[in-house]
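K.L.:
Provided below for reference: sequence and predicted model.
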Amino acid sequence: MTLEKSIAVIMTLLISAASQAAYITINEAELDRIYSQDSFGDLPIDIRIGQPSEILAPNLLDITTREEVRQLFNMHSGGFNIVNFYFIDTISACGSSTGTNIVGCGEYFGNDFVVESRFADSGYGSELLAHELGHNLGLPHLNGAFLMNPSLNNRTLLTEAEVAQIRQSPLVQNVDNTYWIDINPVLIVRELTKVSEPATFVLFMLAVFTLLCRCKVSNKYAFSLERY
């Protein structure tokens, strides 16, 4: 992670306005684990999380109709091979289904999905995100102890047949047998974030601290910046 990305993540954590209920939670390492399990063989798929962004759409923080889902997905940011993860407060409609037990909805063959922030931040969070991403990649539901079970079940297994389907998705990019998927996390907000002076100072100090931690003393130069 570069210094710029470090600052972006710090900013997301520190300046979430008190009026915002929705928030972004993504365990990138766990998503990588799910998409590199044994069924992927020697060719895992790297889940690459980009810089978070915000969309001002207070009417979509609580989704209750399929039309609202479509409205949200029509706000897609990025190219056709960029997946948008949308984080909202509540969702009670997905396709033809409605109910209070819905916590996420993904396009079946598409590049958008939406989840409730509180469930993305729960013990089921990575399973939920990986499941909805599975729909984007062309996977239908699969009953049993699998990732694509219609209900969250603390299972993340993907079959070899599912992996074969995933590899055919245009969302999976490949250079020299290195496979990855680019993710754009999007927070739906009531008002755009404003950085206060104290928050700006804290961000500056954290940025300086991060920079110093990435430096080392060398014989030729006082400091040599290492980029990761």
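P.N.:
Sure, I can see it.
K.L.:
just how off-centre is the strand of greatest length in the chain within its chain?
P.N.:
Ranked by residue count and defined by DSSP state E, the top strand of the chain is strand 178-189. Distance, stretch centre to chain centre, for strand 178-189: 5 Å (Cα atoms, centre = their mean, to the nearest Å).
K.L.:
same deal with stretch 144-151?
P.N.:
On Cα atoms, centre = their mean, the centre of stretch 144-151 falls 20 Å from that of its chain.
K.L.:
now the end-to-end length of that stretch.
P.N.:
Using Cα to Cα, to the nearest Å, one end of stretch 144-151 lies 10 Å from the other.
K.L.:
residues near Asp42, how many?
P.N.:
6 (other Cβ atoms under 10 Å). Backbone N, C-alpha and C define where each C-beta goes, glycine included.
K.L.:
Could you name the specific helix or strand carrying it?
P.N.:
Assigned by DSSP states H and E, Asp42 belongs to neither a helix nor a strand.
K.L.:
how close does it get to Asn177?
P.N.:
Distance from Asp42 to Asn177, counting by Cβ to Cβ, to the nearest Å: 9 Å.
K.L.:
same thing with Gly78?
P.N.:
24 Å.
K.L.:
For stretch 83-95, list the C-alpha coordinates in PDB.
P.N.:
Provided in PDB are the C-alpha atoms of stretch 83-95 (Å, rounded to 0.1, in the frame of the first residue of the first chain):
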ATOM      1  CA  VAL A  83     -16.800  -3.800  -9.500                       C
ATOM      2  CA  ASN A  84     -18.600  -1.300  -7.300                       C
ATOM      3  CA  PHE A  85     -19.300  -2.300  -3.600                       C
ATOM      4  CA  TYR A  86     -22.000   0.000  -2.300                       C
ATOM      5  CA  PHE A  87     -22.500   0.400   1.500                       C
ATOM      6  CA  ILE A  88     -25.900   1.500   2.800                       C
ATOM      7  CA  ASP A  89     -28.000   1.400   6.000                       C
ATOM      8  CA  THR A  90     -30.700  -1.200   5.200                       C
ATOM      9  CA  ILE A  91     -32.000  -3.100   2.200                       C
ATOM     10  CA  SER A  92     -35.300  -5.000   2.000                       C
ATOM     11  CA  ALA A  93     -35.600  -5.600  -1.700                       C
ATOM     12  CA  CYS A  94     -33.600  -7.500  -4.300                       C
ATOM     13  CA  GLY A  95     -35.000  -8.600  -7.600                       C
END
